[in-house]
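Q: Predicted coordinates and the sequence they were generated for:
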Amino acid sequence: MRPRPPSLRFKRRYILVELVPRWYVPDGRDLYPFIIEAICSLFGDTVVAEMQPAVVFCEHGFAIVRCRRGTELKLGTALATVTGTSDRPFTLRGHATSGTILALKRKVQALLTAMEERICTVTGHTCNVCCYDNQKVDVIERGIKGQHLVFLTEQDSEEMECNRNTRWDMTGQ
């Protein structure tokens, strides 16, 4: 069977969403059923069939979701209602809509440069510290069984040593 010419193909739109917290990145296959469930519960099965959603990219705390042109507003609404997978809670925050994946991947690169990541030692454990442009700081300990957030006290923030010989001020001053 020959492919359809471009004039007969359906136009697509791509939505860039940020996964909050950004350090947790599920696989696109794990994210897809929860997006379908959100669309189905809000708009019904016929809209899901009309929309033809798919997760085409999921890396670095961002995901790109594809849909047919004209349904991107409904998809954006449904993405805002996703609250997590079966094992971890998270939210999806929409950033941009485009007609090409490449334009959204460039936007991801621009957003990633605004994030600064360092390796620090907290109470004897090596952790990744991610500083975001909106003054948010995540401290993540990576171990054999996965990764989890570390919650700091004032004493921990005073003892924290970074590899750049800088002190982290967790009070926001």
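A: That came in fine, so what should we check first?

Q: Who does the residue nearest to the spatial centre of the chain form a beta bridge with?
A: For the chain, Leu19 is the residue whose C-alpha lies nearest the centre (C-alpha atoms, centre = their mean; 2.4 Å). Beta bridges link Leu19 to Leu92, judged by DSSP bridges.

Q: so it touches Val25, yeah?
A: Yes. The criterion here is C-beta atoms under 8 Å, and Leu19 meets it with Val25 at 6.5 Å. Placement of C-beta: from N, CA and C, glycine included.

Q: Which positions within stretch 80-94 qualify as buried?
A: 82, 90, 92, 94 (16 or more other C-beta atoms under 10 Å).

Q: Outline the domain layout of the chain.
A: Under the assignment automatic domain parsing, the domains of the chain span 11-113, 116-162.

Q: Any idea which of those has the lowest pLDDT on average?
A: Among the domains of the chain, domain 116-162 carries the lowest mean pLDDT, at a mean of 64.

Q: And the pLDDT at Leu8?
A: 86.

Q: phi, psi of it?
A: Note on Leu8: its backbone torsions stand at phi -100, psi 0 [degrees, to the nearest 10].

Q: And for Asp87?
A: According to degrees, to the nearest 10, Asp87 has phi -110, psi -20.

Q: Pull out the buried residues from the helix or strand harbouring Leu73.
A: Per DSSP states H and E: Leu73 is located in helix 72-79. Buried residues in helix 72-79, defined by neighbour count with 16+ other C-beta under 10 Å: 72, 74-76, 78-79.

Q: CA atoms of that helix as PDB?
A: Provided in PDB are the C-alpha atoms of helix 72-79 (Å, rounded to 0.1, in the frame of the first residue of the first chain):
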ATOM      1  CA  GLU A  72      -5.100  20.600  20.900                       C
ATOM      2  CA  LEU A  73      -7.200  22.700  23.300                       C
ATOM      3  CA  LYS A  74      -9.000  19.600  24.500                       C
ATOM      4  CA  LEU A  75      -5.800  17.700  24.800                       C
ATOM      5  CA  GLY A  76      -4.200  20.600  26.800                       C
ATOM      6  CA  THR A  77      -7.200  20.500  29.200                       C
ATOM      7  CA  ALA A  78      -7.000  16.800  29.600                       C
ATOM      8  CA  LEU A  79      -3.200  16.900  30.200                       C
END
